[in-house]
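# what's the 3D shape of this:
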Amino acid sequence: MLKNYIKFTFRTLWKNKGYAAINILGLSVGLTSFLVILLYLNYELSYDRWDPGLEKVFKVSIRDADDDISPNTQAPLAALLRDNASQIESATKISTDVTFEIPLSVEDKVISQSGAISADSLFFQVFPYKIIDGDPLTPLHKPNAMVISAAIATKLFGQENPIGKTIKVFNSFEREVTAVMEHPQGPTHLDIQMVYRSPYETDNYHWGNWSYYTYVKTKSLIRGEEVESAIDRIYYTDRLMKDKNMTYEAFRTSGSQEGLFVDAVHDIHNFPKYGNSNMANISILLVLAILLLFAGAVNFSNLSIASSLKRAKEVGVKKVLGFSQARLFWQFMGEIVIQCLIALGIAILLLHIALPYFNREFQISLRLFDAQFSWGLVTQVIACLVVVTLLSGLYPAVFLSRYNTTKVLKGDYSSGKQGATLRNGLIVIQFVVAAFFIIGIVIVDRQLNYMQQFDKGFSGEQVLRIQALMMQTREDNFEQVKNSLLSISGVQTVAKTTKVPGDQFSDTSTMNFKHNGELHRLGSVKVSKDYFETLDIKLIDGRLFTDSYNDQHTRSAIINETAAMKLGLQHAGGTYITYPDCDSIPMEVVGIVKDFNVLGLEQQIQPAVFTIGNDACMFQSGGAILVKLADGDIGKQVTAIENLWKRVEPGFGIRLSFLDENFHQLFSSHLRLQRIVAFFGFTAIAIAVIGLFALTAFLIGRRTKEISIRKILGANATDLGLLLGKDFMRLIAFAVVVAIPLGWWAADVWLQNFAYRIS
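The predicted structure is shown next:
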């Protein structure tokens, strides 16, 4: 019996192959889009879930009295929490930038490697990395220890056993390889390739050093709120109570939020308490994929209802022969299930074609049925198929099985007003989705154009960013490096800065500068004299930096417009500010510059203080060297700079990029969203239009006798077109009216993510 049903289903599909192809293809495209986003969602939600032990690991951050958030914490904080919190099993501090490439050398072999961190000896007691070679218990016990990944071991040592071998770091100090660790089998917010003990660990161990991330591991599975409450009390008692002069309970009752808070490690990537998260864009993509899948399912259901009239006589005959309504229902549901399975098969083939493009766009590695979550994905796909089958086929199956036998056998195949109402309702839903996508395409496109044309306040055109790996290059030897670069034909100016416009990971921390006895939270940026000229940043009042002693030794400062507004300054000159706890070295505000955007359009421009040197109780280094090139042969100038750099930092390859390209990369996620929304939108429109075309052709086929009579009576093509199309045009117009407020609301929600946006 089942074999006959299946055979009959394929015969029916072949008999109506045109409508069946449109049905199945529309559903396949919707399924493909949904499966791609489902894979992506699974990938994102699998961050830091590669080991059950990570359920007990939390990252500690600090909120200050002005509600500023700092992910960086003080060097002794990990030890304070480990020694005093009964809930804490272990704690570790690590250096903060795993994206920074550092030079590693073994004899004559030199590589540049990202994913390197310095950490204390307890790192592997907090993070459950698997040691596959070497000391598994205390791999960082030695003060000169280093643990590397298997990939780094192969890069540096080939097939040799790396244990006991030495690696030179930054061409300045050597570390001994004590163990080899396995790279996690899932994505992680810390893509670590090596961990080493810093030679400056002892010197940097003081409460004034905010250069570390702190992580704690609890003894048992407990809620983050409980961890937060325990460690916040310890921190307050040890660090704040002396100044606040009140108990912890009274301090919290006062409403202050200052203190420690934690993020569970597996929430950092997607659901951090503060900072950016990729989940907003993923949620948008998931909603769009569901809408597209829904459009395909509605199209399927609509065409099934419309074409069902061809099978009315079949239903009538089968009922006369004794088929029950339930048996007919399951027969038609079976046919729809087979069509949905065919659509799923085609969707998997399309997915295989689409995944390489998606992986390239999003710079990830998605694979169908990846071992990390294959069974979970299979369950999700099955559940999706069941929902789609019910959505697509439930009403058509009920509709077909309920035909009145007497009416059908008398030749009355009318579906009645109820069937027409549902069919029209489904058409409206399809075009609401299509119109919603059109609104989305327009809004995203307008915002992206606005972002690309927005006045950043600086010019990054033909400005080269050079990453100096050695601190000596940026600090003691900077003037020598600058003069060498300026000797190259075509190099106009050279500058340095600790905060580079366009850098994806930029320091957004602020500090309390004192002005007229009051504290103001401002960002501190170290630059050199020609910084503003190199980036063509406009001076509003006062002057720029010179070679004078005061300017070069942190006795003068330049601020941006936002900082001037915060300090209540309208003019530069005669006004002084000081760094925290450094009242003995006042800095005169000698200039005010136009605001310029460093972090992209999602964030407001920060108030910033620009100074030269580290002579005012505050040491800052890092960032990059900026080189302004003249028009002409850019390639020749870059080649000359690369050759010079071999002498500046011998043995290290140069890392350079153009500033305007880097700043453009800040929009990369939004550009990807623009392309995905456009693809989904045009696909949804195509499904709706093709479905409407097929439905119209089918309904016209039922009215051929009427059309013939009208033509005999003198109706022309225009009259017939208006007659047949007016009902559909009314439905589409109604769909647009429904979609406009929905699209308006969704666009406004999305635009709230931007500090600078279209109206």
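# so for residue 621, what's the nearest residue that isn't a sequence neighbour?
Leaving aside its sequence neighbours, residue 621 sits nearest to residue 471 (C-beta to C-beta, 6 or more residues apart in numbering; 5.6 Å). For glycine as for every other residue, the C-beta is placed from the backbone atoms N, C-alpha and C.
# ok, the one you found touching residue 623?
No: taking C-beta atoms under 8 Å as the definition, residue 471 is not a contact partner of residue 623, at 11.0 Å.
# between those two, which one's more packed in?
Remark: of residue 471 and residue 623, residue 623 carries more neighbours, 21 against 13, as counted by other C-beta atoms under 10 Å.
# so who does the more buried one touch?
474, 496, 497, 498, 499, 500, 526 (C-beta atoms under 8 Å, 6 or more residues apart in numbering).
# now name the helix or strand holding the last one.
Taking DSSP states H and E as the definition, one finds residue 526 inside strand 518-526.
# what's that strand in contact with?
Strand 518-526 is contacted by residues 66, 68, 496-499, 508-514, 559, 563, 566-567, 579, 606-614, 618, 620-621, 623 when judged by C-beta under 8 Å, 6+ apart.
# most neighbours, which of the contacts of residue 623?
Using other C-beta under 10 Å as the neighbour test, the contacts of residue 623 are led by residue 496, with 27 neighbours.
# the helix or strand that residue falls within to strand 518-526, inter-axis angle?
Residue 496 belongs to strand 491-497 when elements are defined using DSSP H and E. Orientation check (axes from the mean of the first three to the mean of the last three C-alpha atoms, to 10 degrees): strand 491-497 against strand 518-526 gives 140 degrees.
# picking up where we left off before, what subset of the contacts of strand 518-526 is buried?
Buried by 16 or more other C-beta atoms under 10 Å: 68, 496-499, 508, 510-514, 559, 563, 566-567, 579, 606-613, 618, 623, out of these.
# what part of the protein, helix or strand, is modelled with the least confidence?
Ranking every helix and strand in the chain by mean pLDDT, DSSP states H and E puts helix 405-409 at the bottom, with a mean of 55.
# just for the stretch 501-650 of the chain, where's the confidence low?
The stretch 501-650 of the chain contains residues with pLDDT under 70 at 505-509.
# apply 90 and report the result again.
Scanning the stretch 501-650 of the chain for pLDDT under 90 picks out the ranges 501-524, 570, 573-574, 579-585, 596-606, 613-624, 630-650.
# which residue ranges of it form strands?
Along the stretch 501-650 of the chain, counting by DSSP state E, counting those that start in this stretch, strands occupy 511-515, 518-526, 539-542, 556-560, 576-577, 587-593, 608-611, 624-629.
# now tabulate those in a markdown table and tack on distance to residue 453.
A markdown table is the format used below for the strands of the stretch 501-650 of the chain (distance: least, C-beta to C-beta, whole Å):
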| stretch | distance to residue 453 |
| --- | --- |
| strand 511-515 | 34 |
| strand 518-526 | 26 |
| strand 539-542 | 23 |
| strand 556-560 | 22 |
| strand 576-577 | 35 |
| strand 587-593 | 22 |
| strand 608-611 | 24 |
| strand 624-629 | 23 |
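# most packed of those strands?
Per residue and on average, the most neighbours among these fall to strand 556-560, with a mean of 27 (mean count of other C-beta atoms under 10 Å).
# which is the next helix or strand following the least confident helix or strand of the chain?
Counting by DSSP H and E, the next helix or strand C-terminal to helix 405-409 is helix 416-453.
# name the helices or strands packed onto that following helix?
Of the remaining helices and strands, those touching helix 416-453 by 3 or more C-beta pairs under 8 Å, 6 or more residues apart in numbering; DSSP states H and E are helix 279-307, helix 668-702, helix 717-751.
# quick check: mean pLDDT of the very next helix or strand once past it?
Toward the C-terminal end, the helix or strand that comes next after helix 416-453 (DSSP H and E) is strand 463-466. Averaging pLDDT along strand 463-466 gives 89.
# strand 463-466 pairs with which strands, parallel or anti?
Take DSSP bridges as the rule and strand 463-466 pairs in its sheet with strand 624-629 (antiparallel), strand 656-658 (antiparallel).
# redo those strands as JSON lines? Include distance to residue 572.
Formatted as JSON lines, those follow (distance: least, C-beta to C-beta, whole Å):
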{"stretch": "strand 624-629", "distance to residue 572": "24"}
{"stretch": "strand 656-658", "distance to residue 572": "32"}
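# quick one: which of the ones you listed is nearest residue 302?
Closest to residue 302 of the strands paired with strand 463-466, according to C-beta to C-beta: strand 656-658, at 51.7 Å.
# what's the neighbour count on residue 110?
The local packing of residue 110 (other C-beta under 10 Å) involves 16 other residues.
# thought it was touching residue 104?
Yes: assessed by C-beta under 8 Å, residue 110 is found in contact with residue 104 at 7.2 Å.
# show me how this structure divides into domains.
Taking automatic domain parsing as the domain assignment, the ranges for the chain are 2-44+278-450+668-751, 53-248+256-267, 468-654.
# between the two ends of the shortest one, how far is it?
One end of domain 468-654 sits 8 Å from the other (C-alpha to C-alpha, to the nearest Å).
# name the residues that touch stretch 714-730?
Identification of contacts with stretch 714-730 by C-beta under 8 Å, 6+ apart yields 424, 427, 692, 696, 699, 700, 703, 707, 710, 711.
# element containing residue 192, please.
Following DSSP H and E, one finds residue 192 outside all helices and strands.
# quick revisit: for residue 443, which of the strands of the stretch 501-650 of the chain is the nearest?
So among the strands of the stretch 501-650 of the chain, strand 556-560 is nearest, using C-beta to C-beta, at 30.7 Å.
# packing partners for the closest one?
If you count contacts as 3+ C-beta pairs under 8 Å, 6+ apart, strand 556-560 packs onto strand 587-593, strand 608-611.
# let's have the helices and strands packed on helix 416-453 in a markdown table, adding distance to residue 97.
Below are the helices and strands packed on helix 416-453 laid out as a markdown table (distance: least, C-beta to C-beta, whole Å):
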| stretch | distance to residue 97 |
| --- | --- |
| helix 279-307 | 23 |
| helix 668-702 | 20 |
| helix 717-751 | 30 |
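# most tightly packed of the ones you listed?
helix 279-307 (a mean of 22).
# I'd like the average pLDDT over it.
Mean pLDDT, helix 279-307: 77.
# quick one: closest of the helices and strands packed on strand 556-560 to residue 225.
Among the helices and strands packed on strand 556-560, strand 608-611 comes nearest to residue 225, with 35.2 Å by C-beta to C-beta.
# sheet partners, orientation included, of the closest one?
Here strand 608-611 is paired, per DSSP bridges, with strand 518-526 (parallel), strand 556-560 (antiparallel).
# thought residue 448 was touching residue 670, still the case?
Yes: here residue 670 lies in contact with residue 448, judged by C-beta under 8 Å, at a distance of 6.0 Å.
# give me the common contacts of these two.
Common neighbours of residue 670 and residue 448 are not found (criterion: C-beta under 8 Å, 6+ apart).
# hang on, the earlier thing: could you check the angle strand 511-515 makes with the strand holding residue 526?
For strand 518-526 against strand 511-515, the angle by the same axes, to 10 degrees is 120 degrees.
# could you report the separation of residue 136 from residue 167?
Distance of residue 136 to residue 167, given as C-beta to C-beta, to the nearest Å: 20 Å.
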